[in-house]
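> Got a predicted structure plus its sequence, pasted below:
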Number of protein chains: 2
Amino acid sequence: MAEETNKKKRMPTIFDIARESGFSYSTVSRTLSGFEFVKPSTREKIVEAAERLGYVPNQQARSLAGGPSHLIGVLVPTLTNDYIIQILQGIDDELTRSSYNLILYTTNRHQGTEATYVATIMNGAADGLLLVAPFITDSYLEALNERDFPYVLIDQDYEAEDSMVVKATNREGAYIATQYLIKMGHSRIGFIAGLPQLNSAIERLAGFREALSDHGIPFREEYVVPGNFEMRGGYRATRELLARSDVPTAIFAANDLSALGAIEAIRERGLRIPLDISILGFDDIPQAAVAYPKLTTVRQPLNQMGREAVNLLLKRLQNPDMDMVKLTLNTQLIIRDSCDIPFD
Amino acid sequence: MAEETNKKKRMPTIFDIARESGFSYSTVSRTLSGFEFVKPSTREKIVEAAERLGYVPNQQARSLAGGPSHLIGVLVPTLTNDYIIQILQGIDDELTRSSYNLILYTTNRHQGTEATYVATIMNGAADGLLLVAPFITDSYLEALNERDFPYVLIDQDYEAEDSMVVKATNREGAYIATQYLIKMGHSRIGFIAGLPQLNSAIERLAGFREALSDHGIPFREEYVVPGNFEMRGGYRATRELLARSDVPTAIFAANDLSALGAIEAIRERGLRIPLDISILGFDDIPQAAVAYPKLTTVRQPLNQMGREAVNLLLKRLQNPDMDMVKLTLNTQLIIRDSCDIPFD
DNA sequence: TGCATTTTTGCAAGCGCTTGTAAAACCAAT
DNA sequence: ATTGGTTTTACAAGCGCTTGCAAAAATGCA
């Protein structure tokens, strides 16, 4: 007797619209998933019925049956870094334009999660994969290649493998930046390193060393302190640098976040930027421009990197046999207010 | 003769591991998808075989067959606002802890996209939906309710509907902030409004007006200029305010991004903050703390809002009959360096 | 008008998985 | 040993869709 209010309307399926339009479900399927030899009048009726019923294809079923899922997996290390966010924006923009959707996996740099996610993605969760600055592990790259699964590495290269890659001129950017500092008159330059597992970190350090060497300034191991690409790491590294007797007159941080941490540490010490000490960052995240003083930094075309990666991936999706491409975009020194000639 | 190198290894399925372990596929399915009455020795063999073959369940198939997709849809208006990012972080954190994955839809505030995405999501793409500050449209909320599809609204309320909501005390926060300015001695206070389609914008303006009225300061229509919650909008609004003969001594921006735009406009005009004019924001995005001067603002527990929303949604997923909940978290005035007593 | 083509449509199978139902195996107790 | 009850496993069907193949309808041409 109790009026069972069983609502939960079912979503319409191709069968519903087949019944409505009077054609078979396969004709409906063909009509709805792109062209095929369908008589215009038929197509019209089917489309009309679909719209009337508010039909939306079930992606799960579609991709199970062999069609594309229209989903791209994006693997990011974290969401707490504007550098990642910028790339993500680029990816998202381009994906939106292509009517693809994005399934996001945040690894938080946890050991092993990357491989797990990759396995899930390969197993039908998405049509392709974008890896943003991942910790490369042979394990999953191998799996990816074995299955011939389309993917693009962003801001991380893996020399040994034949992968698609989009990155920036890290080494050159670091070189130019360091040179800028040197020409200003700095010779005691500290360097806050990034995560050694990341290519970009290695290349930036290399660029730094190269510039030093090219200008006859001896490289001093003690001036290179470990960081982690995060603010706290930059803060700690800077305190360490500041504790020395021969404090550097400039600090080149491997990324902006580290530089921001450095600024905090320096200010805490009562020193002025850039009067007492110059700071130079890398990335040019949005915060760099609003920080005080405005951060001089090396800009990476983050947004563009994301977009290019999507384009590459999409191209590969259309043509599975296309050649592998490695794209390297230019970095650029953005001069703002955090560097000046050394005081002493 | 041509050695056809047809690689593209297939992913193992439950049938493969059934064959390997010697049990039926349904036993494998039951074993792998949580408990069931499975003999320990059987379970062991199955799990072993699954691991050996590197088995990963195909989510598409799983959810098609009626199981959960372990995917949560997240609808955000944009990725270019740290306010959104903060919420997203909270969502992501909590989701990760719950072994759910996230499928991200960026509407970019395009007319109609929200409804389309919602339809897709309901149609099997995800188990639940999180709507971050959406432009509410009856159309899709109705559809959601009709299908009894689990969703949570974040930072946007819809009084008429019986929906789950997580928001913050916008009105109260704006009230306190305005009062703070008034007590400092300001009486000519400009207000940069937000998007009128958003509840939060309306409430903040209401709080502002209320505080004015409670302290006997007449509300002046001309001091309220339209903004769009973005930097450029704040910039333009401020220029407008600055062009008046009776320039305000303080500007309350409906969000931090607008405040940042205001700062730019003010500085461009050669005025000093907070000496010549005070600025107050809303949100407390990361940039607020590194801006110069450090922005005094009303903090919303953005991260927490994201997390609470996920918790609510997950609870609802477990218990579809749970009561609707509306959660309102507290905002808090964060005093930094952008406000001071009026000069004149 | 009749026959060979070509265009259009329909049927069946299957993607990888879950789940209701029934059969098999097991256990203790009679 | 046999019975009754419980635990464990297997089979079948089906989720919504795509697609190869074949049948039906439409078309062209002699």
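Looks like it arrived, so ask away. Numbers count the residues shown, from 1 in each chain, chains lettered A, B, ... in the order given.

> how does chain A divide up, domain by domain?
Domain ranges of chain A: A:14-57, A:71-168+A:302-329, A:170-300, per automatic domain parsing.

> Assess the claim that A:Arg299 and A:Ile285 are in contact.
No - applying C-beta atoms under 8 Å as the test, A:Arg299 and A:Ile285 come out as separate, 9.5 Å apart. To be clear about C-beta, it is placed using only N, CA and C from the backbone, and glycine gets the same treatment.

> circling back to that earlier point, quick one, which of the domains of chain A is nearest to DNA strand D?
Minimum separation from DNA strand D across those (C-beta to the nearest atom of the strand) falls at domain A:14-57, 3.2 Å.

> pLDDT of the helix or strand hosting A:Arg19, averaged?
Under the criterion of DSSP states H and E, A:Arg19 resides in helix A:14-21. Helix A:14-21 comes out with an average pLDDT of 91.

> Which pLDDT value does the model give the residue in the stretch 151-300 of chain A positioned nearest to DNA strand C?
With C-beta to the nearest atom of the strand as the measure, A:Tyr151 is the residue of the stretch 151-300 of chain A nearest to DNA strand C, at 19.8 Å. Reading off the confidence values, A:Tyr151 has pLDDT 95.

> likewise A:Asp344?
pLDDT, A:Asp344: 67.

> just the helices in chain A please.
Applying DSSP state H to chain A gives helices spanning A:14-21, A:25-32, A:40-53, A:59-64, A:82-97, A:113-120, A:138-146, A:170-184, A:199-214, A:231-242, A:256-268, A:286-290, A:302-318.

> does the last one come close to chain B?
What that stands for is helix A:302-318. No - if you take C-beta under 8 Å from any C-beta of the partner chain as the test, helix A:302-318 misses chain B, and the best it gets is 9.9 Å.

> Just the angle for that helix relative to helix A:82-97, thanks.
40 degrees (axes from the mean of the first three to the mean of the last three C-alpha atoms, to 10 degrees).

> ok so, going back, which residues does the helix holding A:Arg19 contact?
Outside of helix A:14-21, the residues within contact range by C-beta atoms under 8 Å, 6 or more residues apart in numbering or on different chains are A:24-25, A:27-29, A:32, A:45-46, A:48-50, A:52-53, A:55, A:57.

> How about it and DNA strand D, any contact?
Yes - Helix A:14-21 is in contact with DNA strand D by C-beta under 7 Å from any atom of the strand, via A:14-15.

> just how off-centre is that helix within its chain?
Here the centre of helix A:14-21 is set off from its chain's centre by 43 Å, with C-alpha atoms, centre = their mean, to the nearest Å.

> For that helix, which residues meet the burial criterion?
Within helix A:14-21, the residues that count as buried by 16 or more other C-beta atoms under 10 Å in any protein chain shown are A:14, A:16-18, A:20-21.

> which of the contacts of helix A:14-21 come close to DNA strand C?
A:24-25, A:27.

> For B:Gly227, see how far away A:Phe37 is.
With distances taken as C-beta to C-beta, to the nearest Å, A:Phe37 is found 54 Å from B:Gly227.

> which one of the two has more residues nearby?
Taking neighbours as other C-beta atoms under 10 Å in any protein chain shown, A:Phe37 and B:Gly227 compare with B:Gly227 leading, 28 against 5.

> Am I right that that one is in contact with B:Gly233?
Yes - using C-beta under 8 Å, B:Gly227 is in contact with B:Gly233, at 4.1 Å.

> So for these two, which residues contact both of them?
B:192, B:258.

> If we ignore the residues flanking it in sequence, what's nearest A:Tyr235?
Taking C-beta to C-beta, 6 or more residues apart in numbering or on different chains, and ignoring the residues beside it in sequence, A:Tyr235 has A:Gly261 as its nearest neighbour in space, at 3.6 Å.

> Quick check: the one you found touching A:Glu230?
Yes - the pair A:Gly261 and A:Glu230 qualifies as a contact (C-beta under 8 Å) at a distance of 7.3 Å.

> Between those two, point out the one with more neighbours.
Ranked by neighbour count (other C-beta under 10 Å), A:Gly261 and A:Glu230 place A:Gly261 first, with 25 against 19.

> State the pLDDT value of A:Arg188.
At A:Arg188, pLDDT is 96.

> Please verify my assumption that it contacts A:Glu222.
No - counting by C-beta under 8 Å, no contact exists between A:Arg188 and A:Glu222, whose distance comes to 10.6 Å.

> neighbour count winner among these two?
Set A:Arg188 next to A:Glu222 and count neighbours by other C-beta under 10 Å: A:Arg188 wins out with 18 against 11.

> out of everything not next to it in sequence, what's closest to the more buried one?
That would be A:Pro248: by C-beta to C-beta, 6+ apart, it lies 4.5 Å from A:Arg188.

> Could you tell me how many residues sit around the one you found?
Around A:Pro248 there are 22 residues (other C-beta under 10 Å).

> Find me the pLDDT at the residue nearest to A:Tyr235, would you?
96.

> what about it, distance to chain B?
The gap separating A:Gly261 from chain B is 11 Å, by C-beta to the nearest C-beta, to the nearest Å.

> do A:Ile279 as well
Distance of A:Ile279 to chain B, given as C-beta to the nearest C-beta: 13 Å.

> and the angle from the helix holding A:Arg19 to helix A:40-53?
If you take the same axes, to 10 degrees, helix A:14-21 sits at 120 degrees to helix A:40-53.

> For helix A:14-21, output the C-alpha coordinates as PDB.
Extracted in PDB, the C-alpha atoms of helix A:14-21 (Å, rounded to 0.1, in the frame of the first residue of the first chain):
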ATOM      1  CA  ILE A  14      19.900   4.200 -28.300                       C
ATOM      2  CA  PHE A  15      17.200   1.700 -27.900                       C
ATOM      3  CA  ASP A  16      14.800   4.300 -26.700                       C
ATOM      4  CA  ILE A  17      15.500   6.500 -29.500                       C
ATOM      5  CA  ALA A  18      15.400   3.600 -31.900                       C
ATOM      6  CA  ARG A  19      11.900   2.900 -30.800                       C
ATOM      7  CA  GLU A  20      10.900   6.500 -30.900                       C
ATOM      8  CA  SER A  21      12.300   7.100 -34.400                       C
END
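
> Let me know the angle separating that helix from helix A:25-32.
90 degrees.

> nearest residue to the residue in chain A positioned nearest to chain B other than its sequence neighbours?
Nearest residue of chain A to chain B: A:Tyr292, at 2.9 Å (C-beta to the nearest C-beta). With C-beta to C-beta, 6+ apart as the criterion, A:Tyr292 has its nearest non-adjacent residue at 2.9 Å, and that residue is B:Tyr292.

> okay, now the one you found: neighbour count?
By other C-beta under 10 Å, neighbour count at B:Tyr292 equals 16.

> just checking, it touches A:Val290?
Yes - between B:Tyr292 and A:Val290 there is a contact at 7.3 Å, judged by C-beta under 8 Å.

> how about JSON lines for the ones next to DNA strand C among the contacts of helix A:14-21, with distance to B:Gln197 added?
Output for those, formatted as JSON lines (distance: C-beta to C-beta, whole Å):
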{"residue": "A:Ser24", "distance to B:Gln197": "44"}
{"residue": "A:Tyr25", "distance to B:Gln197": "41"}
{"residue": "A:Thr27", "distance to B:Gln197": "42"}
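
> And the residues you listed, which of them are buried?
A:Thr27.

> and the ones next to DNA strand C among the contacts of helix A:14-21 near chain B, which?
Of these, not one also sits near chain B (C-beta under 8 Å from any C-beta).

> Of the ones next to DNA strand C among the contacts of helix A:14-21, which fall within the contact range of DNA strand D?
Okay, of those touching DNA strand D (C-beta under 7 Å from any atom of the strand), that's A:Tyr25.

> Pull the contacting residues for A:Gly124.
A:63-64, A:69, B:11, B:58-61.

> Repeat the analysis, applying 7 Å as the threshold.
The contact partners of A:Gly124, by C-beta atoms under 7 Å, 6 or more residues apart in numbering or on different chains, come to A:63, A:69, B:58-60.

> for chain A, what helix or strand is lowest in average pLDDT?
In chain A, the helix or strand scored least confidently by mean pLDDT, DSSP states H and E is helix A:138-146, which has a mean of 86.
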